[in-house]
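Asker: Quick check, what structure comes out for this input:
(4 chains)
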There are 2 protein chains.
Amino acid sequence: MTTQPRIRRDVPIPYYDQLIQVLQEAIGAGTWAPNVPLPSEHELCAMYGVSRTVVRQALGELVAHGLLYRVKGKGTFVVPRKIEEHFIQRTHGFHQDMTSQGYTVSSRVLEQTVVLPSPYVRQALQLDEHQHTIKIDRLRSVDGAVLLFVQTYIPEYLCPTLAQADLAGGSLYVALQEQCGLGVNTATRTVEAVAARSPMTTLLGVGKGEPLLKIESVGYLDDGRPVE
Amino acid sequence: MTTQPRIRRDVPIPYYDQLIQVLQEAIGAGTWAPNVPLPSEHELCAMYGVSRTVVRQALGELVAHGLLYRVKGKGTFVVPRKIEEHFIQRTHGFHQDMTSQGYTVSSRVLEQTVVLPSPYVRQALQLDEHQHTIKIDRLRSVDGAVLLFVQTYIPEYLCPTLAQADLAGGSLYVALQEQCGLGVNTATRTVEAVAARSPMTTLLGVGKGEPLLKIESVGYLDDGRPVE
DNA sequence: TAGTGGTCTAGACCACGAC
DNA sequence: TCGTGGTCTAGACCACTAT
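Answerer: Just a heads-up that it's a prediction; the model follows:
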(Lines give C-alpha, C1' and ligand atoms only; values in the text may rest on other atoms or scores of the structure.)
Protein backbone atom coordinates (compact mmCIF):
# COMPACT_ATOMS: atom_id res chain seq x y z
CA MET A 1 0.00 0.00 0.00
CA THR A 2 1.39 3.33 -0.95
CA THR A 3 -1.34 5.75 -0.03
CA GLN A 4 -3.82 5.35 2.78
CA PRO A 5 -6.89 7.36 1.86
CA ARG A 6 -7.97 7.48 5.45
CA ILE A 7 -8.59 11.20 5.51
CA ARG A 8 -12.12 11.85 4.38
CA ARG A 9 -12.85 15.05 2.54
CA ASP A 10 -16.59 14.68 2.67
CA VAL A 11 -17.10 14.95 6.39
CA PRO A 12 -17.02 18.16 8.40
CA ILE A 13 -14.18 16.91 10.60
CA PRO A 14 -10.86 18.74 10.34
CA TYR A 15 -8.17 16.73 8.63
CA TYR A 16 -5.84 17.08 11.58
CA ASP A 17 -8.48 15.66 13.90
CA GLN A 18 -8.96 12.70 11.60
CA LEU A 19 -5.22 12.25 11.41
CA ILE A 20 -4.91 12.36 15.19
CA GLN A 21 -7.46 9.58 15.36
CA VAL A 22 -5.63 7.50 12.78
CA LEU A 23 -2.24 8.01 14.38
CA GLN A 24 -3.56 7.35 17.87
CA GLU A 25 -4.91 4.03 16.74
CA ALA A 26 -1.69 3.18 14.97
CA ILE A 27 0.32 4.03 18.05
CA GLY A 28 -2.01 2.05 20.25
CA ALA A 29 -1.73 -0.89 17.88
CA GLY A 30 2.04 -0.79 18.19
CA THR A 31 2.65 0.12 14.57
CA TRP A 32 5.82 1.94 15.54
CA ALA A 33 8.14 0.76 18.26
CA PRO A 34 9.00 3.19 21.06
CA ASN A 35 12.05 5.35 20.45
CA VAL A 36 12.13 4.44 16.76
CA PRO A 37 11.36 7.24 14.34
CA LEU A 38 7.94 7.48 12.76
CA PRO A 39 7.69 8.29 9.08
CA SER A 40 8.93 11.82 8.60
CA GLU A 41 6.48 14.68 8.38
CA HIS A 42 7.08 14.83 4.66
CA GLU A 43 6.29 11.15 4.30
CA LEU A 44 3.17 11.47 6.39
CA CYS A 45 2.03 14.26 4.08
CA ALA A 46 2.39 11.93 1.13
CA MET A 47 0.84 8.97 2.93
CA TYR A 48 -2.32 10.80 3.88
CA GLY A 49 -2.49 13.34 1.09
CA VAL A 50 -2.47 16.41 3.29
CA SER A 51 -0.21 19.39 3.74
CA ARG A 52 2.50 19.66 6.30
CA THR A 53 0.41 22.10 8.31
CA VAL A 54 -2.11 19.36 8.95
CA VAL A 55 0.54 16.79 9.79
CA ARG A 56 2.30 19.13 12.16
CA GLN A 57 -0.90 20.12 13.88
CA ALA A 58 -1.78 16.47 14.44
CA LEU A 59 1.70 15.53 15.61
CA GLY A 60 1.84 18.60 17.84
CA GLU A 61 -1.28 17.46 19.60
CA LEU A 62 0.00 13.98 20.13
CA VAL A 63 3.22 15.43 21.50
CA ALA A 64 1.22 17.68 23.77
CA HIS A 65 -0.69 14.71 25.07
CA GLY A 66 2.44 12.77 25.74
CA LEU A 67 2.12 10.07 23.08
CA LEU A 68 4.99 11.30 20.92
CA TYR A 69 8.14 13.33 21.29
CA ARG A 70 10.21 15.13 18.71
CA VAL A 71 13.93 15.60 18.36
CA LYS A 72 15.16 18.23 15.99
CA GLY A 73 17.18 16.83 13.13
CA LYS A 74 16.29 13.26 14.06
CA GLY A 75 12.60 12.61 13.95
CA THR A 76 9.39 11.97 15.83
CA PHE A 77 9.15 9.05 18.21
CA VAL A 78 6.65 7.10 20.23
CA VAL A 79 7.01 7.68 23.96
CA PRO A 80 7.71 4.40 25.70
CA ARG A 81 4.94 4.00 28.17
CA LYS A 82 3.44 1.28 30.25
CA ILE A 83 0.37 2.93 31.52
CA GLU A 84 -0.63 6.13 29.98
CA GLU A 85 -1.55 5.08 26.50
CA HIS A 86 -4.40 3.16 27.98
CA PHE A 87 -6.12 6.15 29.47
CA ILE A 88 -4.99 8.97 27.28
CA GLN A 89 -6.96 7.51 24.46
CA ARG A 90 -10.02 6.90 26.54
CA THR A 91 -12.49 9.43 27.72
CA HIS A 92 -13.53 7.56 30.80
CA GLY A 93 -13.07 4.41 32.75
CA PHE A 94 -9.70 5.30 34.19
CA HIS A 95 -10.34 3.42 37.39
CA GLN A 96 -11.57 0.29 35.65
CA ASP A 97 -8.79 0.36 33.09
CA MET A 98 -6.06 0.65 35.65
CA THR A 99 -7.29 -1.82 38.21
CA SER A 100 -7.90 -4.43 35.54
CA GLN A 101 -4.22 -4.16 34.75
CA GLY A 102 -3.21 -4.72 38.32
CA TYR A 103 -2.35 -1.15 39.19
CA THR A 104 -3.28 0.45 42.45
CA VAL A 105 -5.41 3.47 41.77
CA SER A 106 -6.15 6.16 44.29
CA SER A 107 -7.77 9.54 44.23
CA ARG A 108 -6.98 12.39 46.51
CA VAL A 109 -10.01 14.61 46.64
CA LEU A 110 -8.83 18.17 46.96
CA GLU A 111 -12.19 19.81 46.80
CA GLN A 112 -15.76 18.60 46.59
CA THR A 113 -18.27 21.37 46.88
CA VAL A 114 -21.42 22.86 45.45
CA VAL A 115 -20.63 26.04 43.56
CA LEU A 116 -22.14 28.44 41.12
CA PRO A 117 -20.20 27.64 37.95
CA SER A 118 -18.13 30.14 36.06
CA PRO A 119 -19.47 31.43 32.74
CA TYR A 120 -17.28 29.00 30.87
CA VAL A 121 -18.56 25.97 32.71
CA ARG A 122 -22.11 27.26 32.75
CA GLN A 123 -22.14 27.63 29.01
CA ALA A 124 -20.62 24.21 28.45
CA LEU A 125 -23.23 22.59 30.65
CA GLN A 126 -26.00 24.81 29.33
CA LEU A 127 -27.12 25.91 32.74
CA ASP A 128 -28.80 29.15 33.66
CA GLU A 129 -27.38 31.61 36.11
CA HIS A 130 -29.01 30.18 39.18
CA GLN A 131 -28.16 26.53 38.78
CA HIS A 132 -25.41 25.10 40.93
CA THR A 133 -22.86 22.46 40.09
CA ILE A 134 -20.96 19.95 42.10
CA LYS A 135 -17.29 20.63 41.61
CA ILE A 136 -14.80 17.87 42.28
CA ASP A 137 -11.06 18.40 42.12
CA ARG A 138 -9.11 15.20 42.27
CA LEU A 139 -5.51 14.16 42.00
CA ARG A 140 -5.44 10.66 40.61
CA SER A 141 -2.52 8.40 41.29
CA VAL A 142 -1.40 5.04 40.04
CA ASP A 143 0.90 3.09 42.29
CA GLY A 144 1.56 6.22 44.25
CA ALA A 145 2.57 8.43 41.32
CA VAL A 146 0.38 11.35 40.40
CA LEU A 147 -0.92 10.89 36.91
CA LEU A 148 -3.87 13.19 36.50
CA PHE A 149 -5.27 16.36 37.92
CA VAL A 150 -8.96 16.26 37.20
CA GLN A 151 -11.67 18.81 37.71
CA THR A 152 -15.21 17.62 37.23
CA TYR A 153 -18.37 19.69 37.14
CA ILE A 154 -21.79 18.11 37.23
CA PRO A 155 -25.13 19.90 37.49
CA GLU A 156 -26.30 19.55 41.04
CA TYR A 157 -29.86 18.65 40.15
CA LEU A 158 -28.66 15.53 38.38
CA CYS A 159 -27.18 13.95 41.47
CA PRO A 160 -27.57 15.99 44.65
CA THR A 161 -26.13 13.28 46.87
CA LEU A 162 -22.87 13.26 44.95
CA ALA A 163 -21.64 16.24 46.92
CA GLN A 164 -21.23 13.95 49.93
CA ALA A 165 -20.06 10.82 48.18
CA ASP A 166 -16.74 9.29 49.09
CA LEU A 167 -14.66 9.18 45.94
CA ALA A 168 -11.28 8.54 47.47
CA GLY A 169 -10.99 4.90 46.58
CA GLY A 170 -13.25 4.34 43.65
CA SER A 171 -14.66 5.52 40.41
CA LEU A 172 -16.77 8.59 39.93
CA TYR A 173 -18.77 6.75 37.34
CA VAL A 174 -19.62 3.96 39.72
CA ALA A 175 -20.81 6.50 42.26
CA LEU A 176 -22.87 8.24 39.59
CA GLN A 177 -24.48 4.97 38.62
CA GLU A 178 -25.15 3.70 42.11
CA GLN A 179 -26.37 6.89 43.70
CA CYS A 180 -28.22 8.48 40.84
CA GLY A 181 -28.67 5.86 38.16
CA LEU A 182 -26.67 7.85 35.69
CA GLY A 183 -24.60 6.06 33.09
CA VAL A 184 -22.12 7.76 30.84
CA ASN A 185 -23.15 7.29 27.25
CA THR A 186 -21.53 9.94 25.09
CA ALA A 187 -18.31 11.90 25.09
CA THR A 188 -17.28 14.97 23.16
CA ARG A 189 -13.95 16.60 23.19
CA THR A 190 -14.44 20.32 23.25
CA VAL A 191 -10.87 21.43 23.26
CA GLU A 192 -9.62 24.32 21.23
CA ALA A 193 -7.43 23.71 18.23
CA VAL A 194 -3.94 24.88 17.35
CA ALA A 195 -2.00 25.35 20.53
CA ALA A 196 -2.11 23.59 23.80
CA ARG A 197 -4.87 21.08 24.25
CA SER A 198 -3.63 19.78 27.51
CA PRO A 199 -5.69 20.63 29.69
CA MET A 200 -8.07 18.32 27.92
CA THR A 201 -11.72 19.13 28.22
CA THR A 202 -14.38 16.52 27.73
CA LEU A 203 -18.13 16.78 27.77
CA LEU A 204 -19.69 13.55 28.92
CA GLY A 205 -23.32 12.68 28.42
CA VAL A 206 -24.94 11.09 31.46
CA GLY A 207 -28.50 9.94 31.74
CA LYS A 208 -30.69 11.28 29.00
CA GLY A 209 -28.10 13.45 27.36
CA GLU A 210 -27.39 15.69 30.30
CA PRO A 211 -23.80 16.75 30.29
CA LEU A 212 -20.98 16.53 32.74
CA LEU A 213 -17.84 18.51 32.22
CA LYS A 214 -14.44 17.05 32.87
CA ILE A 215 -11.20 18.98 32.64
CA GLU A 216 -8.16 16.82 32.96
CA SER A 217 -4.52 17.49 32.68
CA VAL A 218 -2.25 14.59 32.01
CA GLY A 219 0.25 13.89 34.71
CA TYR A 220 3.54 15.65 34.86
CA LEU A 221 5.55 12.56 35.20
CA ASP A 222 8.96 13.41 33.94
CA ASP A 223 8.19 13.50 30.27
CA GLY A 224 5.42 10.98 30.39
CA ARG A 225 7.06 8.06 32.07
CA PRO A 226 5.68 6.73 35.33
CA VAL A 227 8.19 7.47 38.04
CA GLU A 228 10.42 4.68 39.31
CA MET B 1 1.78 55.21 14.43
CA THR B 2 0.86 52.82 11.68
CA THR B 3 3.45 50.11 11.87
CA GLN B 4 5.29 48.98 14.96
CA PRO B 5 8.58 47.48 13.85
CA ARG B 6 8.91 45.60 17.09
CA ILE B 7 9.72 42.28 15.48
CA ARG B 8 13.42 42.07 14.91
CA ARG B 9 14.66 40.11 11.95
CA ASP B 10 18.28 40.17 12.98
CA VAL B 11 18.03 38.14 16.15
CA PRO B 12 17.74 34.36 16.32
CA ILE B 13 14.46 34.55 18.22
CA PRO B 14 11.35 33.25 16.46
CA TYR B 15 8.95 35.98 15.42
CA TYR B 16 6.12 34.38 17.32
CA ASP B 17 8.18 34.36 20.50
CA GLN B 18 8.95 38.02 20.05
CA LEU B 19 5.29 38.71 19.35
CA ILE B 20 4.26 36.82 22.47
CA GLN B 21 6.57 39.04 24.45
CA VAL B 22 5.19 42.20 22.86
CA LEU B 23 1.57 41.17 23.30
CA GLN B 24 2.13 40.01 26.87
CA GLU B 25 3.52 43.38 27.76
CA ALA B 26 0.67 45.16 26.01
CA ILE B 27 -1.87 43.04 27.83
CA GLY B 28 -0.12 43.61 31.12
CA ALA B 29 -0.08 47.34 30.45
CA GLY B 30 -3.81 47.30 29.92
CA THR B 31 -3.65 48.25 26.25
CA TRP B 32 -6.86 46.34 25.59
CA ALA B 33 -9.72 46.21 28.02
CA PRO B 34 -10.99 42.79 29.10
CA ASN B 35 -13.74 41.35 26.93
CA VAL B 36 -13.15 43.91 24.21
CA PRO B 37 -11.77 42.57 20.94
CA LEU B 38 -8.09 42.93 20.16
CA PRO B 39 -7.06 43.97 16.66
CA SER B 40 -8.01 41.16 14.33
CA GLU B 41 -5.44 38.63 13.26
CA HIS B 42 -5.27 40.31 9.89
CA GLU B 43 -4.62 43.67 11.50
CA LEU B 44 -1.96 42.23 13.76
CA CYS B 45 -0.24 40.83 10.68
CA ALA B 46 -0.12 44.31 9.20
CA MET B 47 0.89 45.96 12.46
CA TYR B 48 3.88 43.74 13.02
CA GLY B 49 4.72 42.84 9.46
CA VAL B 50 4.42 39.10 9.88
CA SER B 51 2.28 36.39 8.38
CA ARG B 52 -0.87 35.05 9.90
CA THR B 53 0.90 31.86 10.88
CA VAL B 54 3.10 33.82 13.23
CA VAL B 55 0.21 35.80 14.65
CA ARG B 56 -1.87 32.71 15.20
CA GLN B 57 0.97 30.86 16.85
CA ALA B 58 1.54 33.74 19.24
CA LEU B 59 -2.15 34.18 19.99
CA GLY B 60 -2.56 30.44 20.40
CA GLU B 61 0.09 30.41 23.08
CA LEU B 62 -1.46 33.28 24.94
CA VAL B 63 -4.81 31.53 24.77
CA ALA B 64 -3.18 28.36 26.03
CA HIS B 65 -1.71 30.23 28.95
CA GLY B 66 -4.99 31.80 29.82
CA LEU B 67 -4.32 35.40 28.89
CA LEU B 68 -6.64 35.52 25.89
CA TYR B 69 -9.68 33.71 24.61
CA ARG B 70 -11.09 33.49 21.13
CA VAL B 71 -14.65 33.43 19.86
CA LYS B 72 -15.24 32.32 16.33
CA GLY B 73 -16.76 35.01 14.20
CA LYS B 74 -16.22 37.66 16.85
CA GLY B 75 -12.64 38.09 17.80
CA THR B 76 -9.89 37.59 20.34
CA PHE B 77 -10.28 39.00 23.81
CA VAL B 78 -8.33 39.64 26.97
CA VAL B 79 -9.39 37.35 29.78
CA PRO B 80 -10.59 39.46 32.69
CA ARG B 81 -8.34 38.50 35.51
CA LYS B 82 -7.34 39.87 38.81
CA ILE B 83 -4.49 37.65 39.66
CA GLU B 84 -3.08 35.44 37.04
CA GLU B 85 -1.54 37.91 34.66
CA HIS B 86 0.89 38.83 37.34
CA PHE B 87 2.44 35.44 37.67
CA ILE B 88 1.95 33.98 34.27
CA GLN B 89 4.41 36.48 32.95
CA ARG B 90 6.95 35.84 35.61
CA THR B 91 9.22 32.91 36.02
CA HIS B 92 9.51 33.15 39.74
CA GLY B 93 8.50 35.13 42.74
CA PHE B 94 4.94 33.86 42.85
CA HIS B 95 4.77 34.09 46.61
CA GLN B 96 6.19 37.58 46.77
CA ASP B 97 4.05 38.82 43.90
CA MET B 98 0.86 37.58 45.39
CA THR B 99 1.37 38.57 48.98
CA SER B 100 2.44 42.05 47.96
CA GLN B 101 -0.95 42.37 46.35
CA GLY B 102 -2.76 41.33 49.47
CA TYR B 103 -3.63 37.81 48.44
CA THR B 104 -3.39 34.87 50.75
CA VAL B 105 -1.02 32.34 49.30
CA SER B 106 -0.71 28.79 50.44
CA SER B 107 1.06 25.70 49.26
CA ARG B 108 -0.09 22.19 49.76
CA VAL B 109 2.97 20.00 49.57
CA LEU B 110 1.95 16.74 47.99
CA GLU B 111 5.34 15.18 47.88
CA GLN B 112 8.80 16.19 49.04
CA THR B 113 11.33 13.45 48.64
CA VAL B 114 14.78 12.57 47.43
CA VAL B 115 14.59 10.60 44.20
CA LEU B 116 16.71 9.44 41.34
CA PRO B 117 15.50 11.65 38.53
CA SER B 118 14.04 10.36 35.31
CA PRO B 119 16.14 10.59 32.16
CA TYR B 120 14.27 13.71 31.12
CA VAL B 121 14.96 15.54 34.34
CA ARG B 122 18.47 14.19 34.60
CA GLN B 123 19.35 15.51 31.19
CA ALA B 124 17.82 18.90 31.88
CA LEU B 125 19.81 19.25 35.08
CA GLN B 126 22.90 17.68 33.56
CA LEU B 127 23.32 15.14 36.29
CA ASP B 128 24.90 11.76 36.04
CA GLU B 129 23.10 8.53 36.76
CA HIS B 130 23.93 8.36 40.43
CA GLN B 131 23.01 11.85 41.51
CA HIS B 132 19.79 12.33 43.39
CA THR B 133 17.36 15.20 43.26
CA ILE B 134 14.92 16.66 45.70
CA LYS B 135 11.49 16.47 44.16
CA ILE B 136 8.79 18.77 45.41
CA ASP B 137 5.21 18.58 44.21
CA ARG B 138 3.10 21.48 45.32
CA LEU B 139 -0.39 22.70 44.74
CA ARG B 140 -0.36 26.45 45.07
CA SER B 141 -3.47 28.31 46.00
CA VAL B 142 -4.44 31.94 46.19
CA ASP B 143 -7.31 32.80 48.49
CA GLY B 144 -8.23 29.17 48.60
CA ALA B 145 -8.45 28.57 44.87
CA VAL B 146 -5.95 26.23 43.29
CA LEU B 147 -3.92 28.12 40.73
CA LEU B 148 -0.83 26.11 40.04
CA PHE B 149 0.40 22.56 40.16
CA VAL B 150 4.15 22.78 40.39
CA GLN B 151 6.82 20.13 40.31
CA THR B 152 10.29 21.21 41.22
CA TYR B 153 13.50 19.24 40.94
CA ILE B 154 16.74 20.42 42.46
CA PRO B 155 20.01 18.53 42.64
CA GLU B 156 20.34 17.20 46.14
CA TYR B 157 23.96 18.20 46.58
CA LEU B 158 23.04 21.85 46.16
CA CYS B 159 20.82 21.98 49.20
CA PRO B 160 20.58 18.72 51.15
CA THR B 161 18.54 20.23 53.95
CA LEU B 162 15.80 21.28 51.56
CA ALA B 163 14.32 17.82 51.68
CA GLN B 164 13.13 18.54 55.21
CA ALA B 165 12.22 22.20 54.81
CA ASP B 166 8.70 23.34 55.55
CA LEU B 167 7.38 24.94 52.41
CA ALA B 168 3.71 25.01 53.26
CA GLY B 169 3.45 28.67 54.05
CA GLY B 170 6.27 30.34 52.25
CA SER B 171 8.43 30.64 49.24
CA LEU B 172 10.75 28.00 47.92
CA TYR B 173 13.17 30.69 46.93
CA VAL B 174 13.32 32.09 50.42
CA ALA B 175 14.06 28.62 51.76
CA LEU B 176 16.74 28.14 49.14
CA GLN B 177 18.34 31.43 50.10
CA GLU B 178 18.16 30.96 53.83
CA GLN B 179 19.15 27.34 54.08
CA CYS B 180 21.67 27.08 51.32
CA GLY B 181 22.58 30.58 50.25
CA LEU B 182 21.29 30.00 46.76
CA GLY B 183 19.76 32.87 44.86
CA VAL B 184 17.95 32.49 41.59
CA ASN B 185 19.73 34.42 38.92
CA THR B 186 18.75 33.14 35.51
CA ALA B 187 15.70 31.57 33.93
CA THR B 188 15.28 29.74 30.66
CA ARG B 189 12.08 28.49 29.23
CA THR B 190 12.72 25.13 27.69
CA VAL B 191 9.28 24.42 26.38
CA GLU B 192 8.66 23.05 22.95
CA ALA B 193 7.13 25.28 20.35
CA VAL B 194 3.99 24.95 18.26
CA ALA B 195 1.43 23.13 20.33
CA ALA B 196 0.77 22.98 23.98
CA ARG B 197 3.20 24.79 26.17
CA SER B 198 1.25 24.34 29.30
CA PRO B 199 2.83 22.45 31.18
CA MET B 200 5.42 25.16 31.22
CA THR B 201 8.95 24.10 31.94
CA THR B 202 11.51 26.49 33.28
CA LEU B 203 15.17 26.03 34.04
CA LEU B 204 16.30 28.31 36.81
CA GLY B 205 19.88 29.09 37.57
CA VAL B 206 20.70 29.08 41.27
CA GLY B 207 24.04 29.76 42.86
CA LYS B 208 26.86 29.69 40.35
CA GLY B 209 24.81 28.64 37.39
CA GLU B 210 23.59 25.34 38.74
CA PRO B 211 20.14 24.60 37.48
CA LEU B 212 16.84 23.86 39.08
CA LEU B 213 13.99 22.48 37.05
CA LYS B 214 10.48 23.71 37.50
CA ILE B 215 7.48 22.25 35.73
CA GLU B 216 4.34 24.22 36.30
CA SER B 217 0.89 23.95 34.93
CA VAL B 218 -1.30 26.96 35.10
CA GLY B 219 -4.41 26.48 37.17
CA TYR B 220 -7.51 25.00 35.67
CA LEU B 221 -9.73 27.65 36.98
CA ASP B 222 -12.72 27.65 34.73
CA ASP B 223 -11.11 29.09 31.66
CA GLY B 224 -8.65 31.20 33.54
CA ARG B 225 -10.84 33.15 35.85
CA PRO B 226 -10.30 32.89 39.58
CA VAL B 227 -13.30 31.15 41.07
CA GLU B 228 -15.97 33.18 42.83
C1' DT C 1 25.73 16.09 1.90
C1' DA C 2 21.06 14.58 2.73
C1' DG C 3 17.20 14.22 5.84
C1' DT C 4 14.74 15.90 9.88
C1' DG C 5 11.95 18.98 12.43
C1' DG C 6 11.38 24.40 13.31
C1' DT C 7 9.94 28.53 11.33
C1' DC C 8 7.70 31.43 7.92
C1' DT C 9 5.23 33.26 3.71
C1' DA C 10 1.18 34.47 0.91
C1' DG C 11 -2.28 33.11 -0.38
C1' DA C 12 -7.20 30.34 -0.16
C1' DC C 13 -11.96 28.74 1.41
C1' DC C 14 -15.08 27.95 5.19
C1' DA C 15 -18.55 28.55 9.21
C1' DC C 16 -19.99 31.72 12.23
C1' DG C 17 -21.64 36.29 14.14
C1' DA C 18 -23.16 40.97 13.51
C1' DC C 19 -25.53 44.03 10.64
C1' DT D 1 -23.16 41.30 3.31
C1' DC D 2 -18.85 41.69 5.67
C1' DG D 3 -15.42 40.71 9.21
C1' DT D 4 -13.87 37.22 12.38
C1' DG D 5 -11.37 33.19 13.60
C1' DG D 6 -10.73 28.01 11.86
C1' DT D 7 -8.70 25.25 8.49
C1' DC D 8 -5.71 24.23 4.63
C1' DT D 9 -2.34 24.49 0.66
C1' DA D 10 2.25 24.58 -1.53
C1' DG D 11 5.82 26.19 -1.27
C1' DA D 12 10.46 28.27 1.21
C1' DC D 13 14.71 28.68 4.25
C1' DC D 14 16.94 27.44 8.51
C1' DA D 15 19.55 24.67 12.25
C1' DC D 16 20.49 20.41 13.59
C1' DT D 17 21.83 15.32 13.08
C1' DA D 18 23.90 11.66 10.89
C1' DT D 19 26.88 9.78 7.24
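Asker: Show me how chain A divides into domains.
Answerer: A:15-78, A:84-218 (automatic domain parsing).
Asker: In terms of mean pLDDT, which of the ones you listed ranks lowest?
Answerer: Mean pLDDT values for those show the minimum at domain A:84-218, a mean of 57.
Asker: Could you tell me which residues of chain A lie near DNA strand C?
Answerer: Residues of chain A found near DNA strand C (Cβ under 7 Å from any atom of the strand) are A:12, A:37-38, A:40-43, A:52-53, A:56, A:70-76. Quick note: C-beta positions are derived from backbone N, CA and C, even for glycine.
Asker: Would you mind checking those residues for buried ones?
Answerer: A:Leu38, A:Arg56, A:Arg70, A:Thr76 (16 or more other Cβ atoms under 10 Å in any protein chain shown).
Asker: got those as JSON lines, with distance to B:Ile20 and secondary structure columns?
Answerer: Formatted as JSON lines, these follow (distance: Cβ to Cβ, whole Å; DSSP: H, G, I helix; E, B strand; the rest coil):
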{"residue": "A:Leu38", "distance to B:Ile20": "29", "secondary structure": "coil"}
{"residue": "A:Arg56", "distance to B:Ile20": "19", "secondary structure": "helix"}
{"residue": "A:Arg70", "distance to B:Ile20": "20", "secondary structure": "strand"}
{"residue": "A:Thr76", "distance to B:Ile20": "24", "secondary structure": "strand"}
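Asker: just checking: which of those residues also lie near chain B?
Answerer: Among those, the ones lying near chain B by Cβ under 8 Å from any Cβ of the partner chain are A:Arg56, A:Arg70.
Asker: Report the contact partners of A:Arg6.
Answerer: Neighbouring residues of A:Arg6 by Cβ atoms under 8 Å, 6 or more residues apart in numbering or on different chains: A:Gln18, A:Val22, A:Tyr48.
Asker: What helix or strand is A:Gln179 located in?
Answerer: helix A:172-180 (DSSP states H and E).
Asker: Check A:Tyr153 too.
Answerer: strand A:145-155.
Asker: Narrow the residues of chain A next to DNA strand C to those in helices?
Answerer: A:Glu41, A:His42, A:Glu43, A:Arg52, A:Thr53, A:Arg56 (DSSP state H).
Asker: Report how many residues lie close to A:Met47.
Answerer: 19 (other Cβ atoms under 10 Å in any protein chain shown).
Asker: For chain A, which residues are neighbours of DNA strand D?
Answerer: Going by Cβ under 7 Å from any atom of the strand, the residues of chain A near DNA strand D are A:14-17, A:49-54, A:57, A:71-74, A:192-194.
Asker: can you do 6 Å?
Answerer: A:14-16, A:50-54, A:72-74, A:193-194 (Cβ under 6 Å from any atom of the strand).
Asker: Can you list the buried residues in stretch A:11-27?
Answerer: In stretch A:11-27, counting by 16+ other Cβ under 10 Å, buried: A:Tyr15, A:Tyr16, A:Asp17, A:Gln18, A:Leu19, A:Ile20, A:Val22, A:Leu23, A:Gln24, A:Ile27.
Asker: Excluding covalently adjacent residues, which one is nearest to the fifth one?
Answerer: Just to be clear, that refers to A:Leu19. A:Ala58 (3.9 Å; Cβ to Cβ, 6 or more residues apart in numbering or on different chains).
Asker: Next, the contact list for that neighbour, please.
Answerer: A:Ala58 is in contact with A:Tyr16, A:Asp17, A:Leu19, A:Ile20, A:Leu23, counting by Cβ under 8 Å, 6+ apart.
Asker: quick check, nearest of the buried residues of stretch A:11-27 to B:Val63?
Answerer: A:Tyr16 (17.0 Å; Cβ to Cβ).
Asker: And what about that closest one, helix, strand or coil?
Answerer: helix (DSSP: H, G, I helix; E, B strand; the rest coil).
Asker: I'd assumed A:Gln57 was in contact with it.
Answerer: Yes - with contact defined as Cβ atoms under 8 Å, A:Tyr16 reaches A:Gln57; the gap is 4.1 Å.
Asker: now the angle from the helix or strand where A:Leu59 lies to helix B:52-64?
Answerer: In this structure, A:Leu59 is located in helix A:52-64 according to DSSP H and E. Angle of helix A:52-64 versus helix B:52-64, following axes from the mean of the first three to the mean of the last three Cα atoms, to 10 degrees, is 20 degrees.
Asker: The buried ones among the residues of chain A next to DNA strand C: which two are farthest apart?
Answerer: Longest span within these, Cβ to Cβ: A:Leu38 and A:Arg56, 12.7 Å.
Asker: so what's A:Ala29 up against?
Answerer: Going by Cβ under 8 Å, 6+ apart, the list of residues near A:Ala29 is empty.
Asker: now swap in A:Leu19 and tell me
Answerer: A:Ile7, A:Leu44, A:Tyr48, A:Val50, A:Val54, A:Val55, A:Ala58.
Asker: shouldn't the second one be in contact with A:Trp32?
Answerer: Translated: A:Leu44. No - the pair A:Leu44 / A:Trp32 is not scored as a contact, 11.6 Å apart, by Cβ under 8 Å.
Asker: shared neighbours, those two?
Answerer: With contacts defined as Cβ under 8 Å, 6+ apart, the residues shared by A:Leu44 and A:Trp32 are A:Leu38.
Asker: ok, and the most crowded of the contacts of A:Leu19?
Answerer: Sorting the contacts of A:Leu19 by how many neighbours each has (other Cβ under 10 Å) puts A:Ala58 first, at 27 neighbours.
Asker: distance of that one from A:Ala26?
Answerer: 12 Å (Cβ to Cβ, to the nearest Å).
Asker: A:Leu59 now?
Answerer: 12 Å.
Asker: hmm, back to that, so of the contacts of A:Ala58, which two are at opposite extremes in space?
Answerer: It's A:Asp17 and A:Leu23 that sit farthest apart of the contacts of A:Ala58, by Cβ to Cβ, at 10.9 Å.
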